[in-house]
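Enquirer: Pasting the sequence and the predicted model now:
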Amino acid sequence: MYLLKINNMKFRGHIGYYPEEKVIGQDLEVDIEVSVKAQGEADQLEATINYATIYEQVAQVVKASRVDLIEALIEEIIEAVGQIDPSRTNRVRVRLRKMNVPIDGVFDSVEIEMER
């Protein structure tokens, strides 16, 4: 078993509680960790989960989603990634950062982390 990570994927999403967030959109950053039930020494793509497929799945989910909450988007991502190869996927952890939050204050981002 090993941990596959893709760090700091950047997307433009249209999620948010306020209607203008869904119209204007915002920058999102996603980190994902997938615990894979496989052996790395097999040296065959078919023996593991292709990280390009994970990236494409996350991109599709973010592009299509119009949920209100970051938590709901993370759940969608976890579900989609877990379905890529359920027999090899042990656990999926997602950290999602919303970069442009409509809060009057000075900070870089809001981040939620969830795993299943």
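Expert: Received the coordinates, thanks. Everything quoted here is computed from the prediction, not taken from an experiment. Residues are numbered from 1 along each chain as shown.

Enquirer: distance between the ends of stretch 43-52?
Expert: In stretch 43-52, first residue to last residue: 16 Å (CA to CA, to the nearest Å).

Enquirer: Nearest residue to Glu20 in space, ignoring adjacent ones along the chain?
Expert: With sequence-adjacent residues excluded and distances taken as CB to CB, 6 or more residues apart in numbering, Glu20 is closest to Pro102, at 7.9 Å. Using the backbone N, CA and C atoms, a C-beta is placed for each residue, glycine as well.

Enquirer: Can you list the buried residues in the helix or strand containing Lys10?
Expert: Using DSSP states H and E, Lys10 sits in strand 2-13. For strand 2-13, burial by neighbour count (16 or more other CB atoms under 10 Å) applies to 4, 6, 9, 11, 13.

Enquirer: Stretch 48-55 too?
Expert: By 16+ other CB under 10 Å, the buried positions in stretch 48-55 come out as 48-49, 54.

Enquirer: who's in contact with it?
Expert: Stretch 48-55 has contacts (CB atoms under 8 Å, 6 or more residues apart in numbering) with 4, 6, 9, 32, 34, 36, 38, 40, 42, 81, 84-85, 88-89.

Enquirer: rerun at 6 Å
Expert: 4, 6, 36, 38, 81, 84-85, 88 (CB atoms under 6 Å, 6 or more residues apart in numbering).

Enquirer: which helices and strands sit right next to the strand holding Lys10?
Expert: If you count contacts as 3 or more CB pairs under 6 Å, 6 or more residues apart in numbering; DSSP states H and E, strand 2-13 packs onto strand 26-36, helix 51-64.

Enquirer: Tell me the first helix or strand C-terminal of it.
Expert: helix 19-24.

Enquirer: Which strands or helices does that next one pack on?
Expert: Checking 3+ CB pairs under 6 Å, 6+ apart, helix 19-24 ends up next to no helix or strand.
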